[in-house]
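1. I would like the atomic coordinates for the input below:
(one chain, ligands or ions: 1)
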Amino acid sequence: MESYKKLLLANKSWIQEKLVLKPDYFEELAKDQKPEFLWLGCSDSRVPAEEITGTQPGELFVHRNIANLAVHTDFNMLSVLQYAVDYLKVKHIIVCGHYGCGGVKAAMTNQHFGLLNKWLRNIKDVYRHNRQELEIYGDQEKKTNRLVELNVMEQVHNLARTSIVQRAWHNFQRPTIHGWVYDLKTGAIKDLVMVKPGTRLDDIYMFDFSESP
Ligand code: CO
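-> Purely as a prediction, here's the structure:
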């Protein structure tokens, strides 16, 4: 059987499983979505957001890209963020990176990857900002994994630096932004950082909402 056909067959049995437990499962799910979490994760096939967090359809609003980046000119990410914050009113945003991330590894080399260079450049900037700490590590794997953590923390702050998040902090005291790292070798998630609504950022990134809508 061609591999893609397995996916369609699996879909049929998944429908049956759901309907046996709850005959109106799809009818109910189709009505609305009220996810409490926005997930910004890596596209890596080994880090499936719902599976590793035990969440069900309807619980996570998901955006994934290479190396879980929040780039302030990325209209795709920003549209997802705005919809999640302004319309779905999510309470938490989770940035989840993972050790052994191929995007982070690639950014640490001098190889060129065509269009990808422009995306990976964002990770190179995180490396440059943290060069002193990173170059203490003799072991390449430890160095990569520390950059994975630093990259997650940078993306958490990139989200906090958006007017979308700051306006929601100002008006509604949400969302809290979390930085997590998933370990491919153990399945465990490490809780790295939490940035609560109203956290003071570097002054230059703070927007003033006192007079504007
Ligand atoms: Co990755």
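2. For the residue sitting nearest the centre point of the chain, name its beta-bridge partners.
-> The geometric centre of the chain, computed from its C-alpha atoms, lies nearest to Leu40 (C-alpha atoms, centre = their mean), at 1.6 Å. Here Leu40 shows beta-bridge partners His63, Val95, assigned using DSSP bridges.
3. hang on, it packs against Ile66?
-> No: here Leu40 lies out of contact with Ile66, judged by C-beta atoms under 8 Å, at a distance of 11.9 Å. In short, each C-beta sits where N, CA and C put it, glycine included.
4. Overlap in contacts, the two.
-> By the contact definition C-beta atoms under 8 Å, 6 or more residues apart in numbering, Leu40 and Ile66 are jointly contacted by no residue.
5. Which residues are in contact with Pro175?
-> When contacts are counted by C-beta under 8 Å, 6+ apart, Pro175 is found next to Leu38, Val85, Val90, Lys91, His92, Ile93, Val165, Ala168, Pro197.
6. Then Met194?
-> For Met194, the residues meeting the contact criterion (C-beta under 8 Å, 6+ apart) are Thr176, Ile177, His178, Gly179.
7. Okay, and Ser79 sits in which element?
-> Under the criterion DSSP states H and E, the helix or strand holding Ser79 is helix 75-82.
8. any residues touching that helix, and which ones?
-> 38, 40, 61, 63, 65, 69-72, 93, 159, 162, 164-165.
9. what does stretch 117-133 give?
-> Residues outside stretch 117-133 that contact it (C-beta under 8 Å, 6+ apart) are 65-67, 69, 71, 103-104, 106-108, 113, 134, 146-147, 150-151, 154.
10. just the residues you listed that are near the ion?
-> Checking these against the ion by C-beta under 5 Å from the ion, the ones in range are Gly103.
11. how about the helices in the chain?
-> Taking DSSP state H as the criterion, the chain contains helices spanning 3-21, 25-31, 49-53, 75-82, 102-107, 116-129, 131-134, 140-160, 163-172.
12. could I get those helices as JSON lines with mean pLDDT?
-> Listed next are the helices of the chain as JSON lines, based on pLDDT from 0 to 100:
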{"stretch": "helix 3-21", "mean pLDDT": "98"}
{"stretch": "helix 25-31", "mean pLDDT": "97"}
{"stretch": "helix 49-53", "mean pLDDT": "98"}
{"stretch": "helix 75-82", "mean pLDDT": "98"}
{"stretch": "helix 102-107", "mean pLDDT": "98"}
{"stretch": "helix 116-129", "mean pLDDT": "98"}
{"stretch": "helix 131-134", "mean pLDDT": "97"}
{"stretch": "helix 140-160", "mean pLDDT": "98"}
{"stretch": "helix 163-172", "mean pLDDT": "97"}
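13. so can I have CSV of those showing mean neighbour count and distance to Ala188?
-> Compiled in CSV, these are given as follows (neighbours: other C-beta atoms under 10 Å; distance: least, C-beta to C-beta, whole Å):
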stretch, mean neighbour count, distance to Ala188
helix 3-21, 9, 27
helix 25-31, 11, 30
helix 49-53, 15, 9
helix 75-82, 16, 26
helix 102-107, 21, 18
helix 116-129, 16, 23
helix 131-134, 12, 23
helix 140-160, 20, 13
helix 163-172, 17, 28
